[in-house]
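>>> Okay, predicted coordinates and the sequence, questions at the end:
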Amino acid sequence: MNTHRFTDHLWDRTKALRAAIDDLEFLRLLGEGTLPLDVFGTYIEQDSLYLTGYSKALAILAAKSPDPQTAAFWATSSANAAAVESAMHEQLLTGGALPPRQGEPEHSPTCLAYVSYLIAAAATESYAVAAAAALPCFWIYAEVGRDLAASAAKVIAADPAHPYAQWVTTYGAEDFQNAASTARSLVDAAAESAGDREREAMEKAFTLAVRYELLFWDTALHPQPWPAA
């Protein structure tokens, strides 16, 4: 019996990208608790903007789902992205731990590109391809969150009120890990009923989203400003 999952194949095909993510200076400094506060503030602002768009993509994915149970998962995830995580971001941004923001945040080029791609994939691609595009945000975050939670344990033990502690513990938490596992299973299920061409499109969508995950973190520390208006 072949126990190799389609998502195992996706994971293997993005090995180099995932290694690059693991080596990011942004994540190393975050784990050490030494990331400059203004950089973390910029990241949280961008992540908040991202989650608003991601929530829309997941809502469309829920509407295209093949059965009610699958739809319920994506819809619940959409609601969580819009409400629960956004509330945490708002608390971080306005709670006084981070530098006050100046005016309304604007999508960075990478943030806008990533959310625009996910919404477009959800709206115009098949359910299977759209699900593959949505998976890295769950899966990569779950892996990074688990690793960060381990490396940041000393930081949090020394300073439970550290601004990064709440963010790190959310993504390393069991609920988020379980959600990532479910999302992965749903992509496996979608791949089972997909043809070769659709599976190829799923692989491309997953890879592109992993690339955006890498760029999203990296550009928080090394921003790529918009051309002047």
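Perfect, thanks for sending it.

>>> can I assume A131 is in contact with L58?
No. Judged on C-beta atoms under 8 Å, A131 makes no contact with L58 at a distance of 9.8 Å. Heads up, the C-betas are built off the backbone N, CA and C, glycines and all.

>>> tell me the helices in the protein, going along the chain?
Counting by DSSP state H, the chain has helices at residues 6-13, 15-22, 25-32, 37-63, 68-82, 84-94, 109-124, 127-151, 153-158, 163-172, 174-192, 196-221.

>>> deepest of the ones you listed, which one?
Per-stretch averages of neighbours, counted by mean count of other C-beta atoms under 10 Å, single out helix 127-151 among those, with a mean of 22.

>>> now the angle from that one to helix 174-192?
150 degrees (axes from the mean of the first three to the mean of the last three C-alpha atoms, to 10 degrees).

>>> Show me what the mean pLDDT comes to for helix 127-151.
Here helix 127-151 scores 92 as its mean pLDDT.

>>> change the start of the numbering to 34 and stick with it
With the count now opening at 34, the last piece we talked about shows up as helix 160-184.

>>> which helices and strands sit right next to it?
Counting contacts by 3 or more C-beta pairs under 8 Å, 6 or more residues apart in numbering; DSSP states H and E, helix 160-184 is packed against helix 39-46, helix 48-55, helix 58-65, helix 70-96, helix 142-157, helix 196-205, helix 207-225, helix 229-254.

>>> wait, what's in contact with A224?
By C-beta atoms under 8 Å, 6 or more residues apart in numbering, A224 lies in contact with F39, T40, A161, A165, R232, M235.

>>> Now do T252 against A112, distance only.
For T252, the distance to A112 equals 28 Å [C-beta to C-beta, to the nearest Å].

>>> now do E58
E58 is 34 Å from A112, by C-beta to C-beta.

>>> go on, P260?
Where A112 is concerned, P260 sits at a distance of 36 Å (C-beta to C-beta).

>>> Can you tell me the closest non-neighbouring residue to the residue nearest the centre of the chain?
Ranked by distance to the mean C-alpha position of the chain (C-alpha atoms, centre = their mean), the top residue is C170 at 2.8 Å. Once flanking residues are discounted, C170 sits nearest to Y87: 6.2 Å by C-beta to C-beta, 6 or more residues apart in numbering.

>>> Wait, the one you found touches A112, no?
No. Y87 lies out of contact with A112 (C-beta under 8 Å); the separation is 11.8 Å.

>>> anything in contact with each of these two?
Residues touching both Y87 and A112 by C-beta under 8 Å, 6+ apart: none at all.
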